[in-house]
Every structure is written in C-alpha cells, then in structure tokens.
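Student: attaching a predicted model along with its sequence, questions to come.
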Amino acid sequence: MAHPGGRPLEFKTPEEFTNRAEVYFQSTPFEEWTITGLALHLKTYRSTLMDYEARDEFYNAIKTAKQRIEHSYECSLRKNGKAGDIFGLKNFGWKDQKQIELNDVTQLSEEQIDSKLSKLLGKA
C-alpha cells in the first residue's frame, strides 16, 4: 500500500540526517568529501539531497553539510590549485567572471559603441 502523503521520507528529522551525515564526515578523509559520496553513504541519491534542501525543515541541515564539502574543495584549491577543485566549486555556484564597464555610452554613436565592444571582447 502506498504511503498516503507520497513516498515516506528517508530522514524523519533534520537531526537524523545530521547524525547520519556526521558519520560520513568522521569516516571519510577531508579531501575526499563530495556530495555524491555523502549521498552514497546515506544510501540515497544526490538529487534526493537537493530535494531535501528545498524542504524548510531540512534546509539548514543540508546546507550545512554541503558547506562543509564546499569548504573541503576550497581548502584543496588553496593547497593544490587543481582544476578539479575549481570545477567542484563552480557546482557550488562559484564563477569566473569579467566585469565590463561602459561609461557614457549614451553619448556615443552606434559605430563607436561597436568599436569599443569589439576591443573589449578582443575582436579588434
């Protein structure tokens, strides 16, 4: 018989999730922490963890676990400077970006604007 409110929760409370996640963090070397590794340890899926993060009562517990993993990537990046750590951090919302400022473009002709943009974008 199906559960009346849909599938039963894998973690009954945020505290249960936190306690089970803590076992992962204590038993796995710091530099090997990953979200997928945490999900495998919890016998669930990465997408399930993301679904739990959308639940108000689990938001802080999931966010804290994810932040611990993010911290491990950041520490590894400072120590080793590897592209894999950069990729991992980008999955946490980090980005490489360039900021382009255009001042007084309202007083430029269309050709002048195109010329400035071409130079900024390296197309000149």
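Tutor: Thanks, I have it. Residues are numbered from 1 along each chain as shown.

Student: where along the chain do the helices fall?
Tutor: 14-27, 35-41, 46-53, 56-80, 83-90, 110-120 (DSSP state H).

Student: what is the least confident helix or strand in this structure?
Tutor: helix 83-90 (a mean of 64; mean pLDDT, DSSP states H and E).

Student: Lys119 versus the residue located most distally from the centre of the chain, what's the distance?
Tutor: Within the chain, Ser109 marks the point farthest from the mean C-alpha position, 42.0 Å out by Cα atoms, centre = their mean. Look at Ser109 and Lys119: by Cβ to Cβ, to the nearest Å, they are 15 Å apart. For glycine as for every other residue, the C-beta is placed from the backbone atoms N, C-alpha and C.

Student: same deal with Ala65?
Tutor: 46 Å.

Student: more neighbours: the two, which one.
Tutor: Ranked by neighbour count (other Cβ atoms under 10 Å), Ala65 and Lys119 place Ala65 first, with 24 against 10.

Student: skipping adjacent residues, who's closest to that one in space?
Tutor: Setting aside the residues directly before and after it, Ala65 is nearest to Ala21 in space (Cβ to Cβ, 6 or more residues apart in numbering), at 4.8 Å.

Student: residues in contact with the one you found?
Tutor: Shown in contact with Ala21 (Cβ atoms under 8 Å, 6 or more residues apart in numbering): Leu38, His41, Leu42, Ala61, Ala65.

Student: the last one and His41 touch, don't they?
Tutor: No - using Cβ atoms under 8 Å, Ala65 is not in contact with His41; the gap is 10.8 Å.

Student: without its sequence neighbours, what residue ends up closest to Phe25?
Tutor: Spatially, and ignoring its direct neighbours in sequence, Phe25 is nearest to Arg68 (6.4 Å; Cβ to Cβ, 6+ apart).

Student: shaky segments in this protein?
Tutor: Within the chain, the ranges that satisfy pLDDT under 70 run 1-6, 78, 80-107, 123-124.
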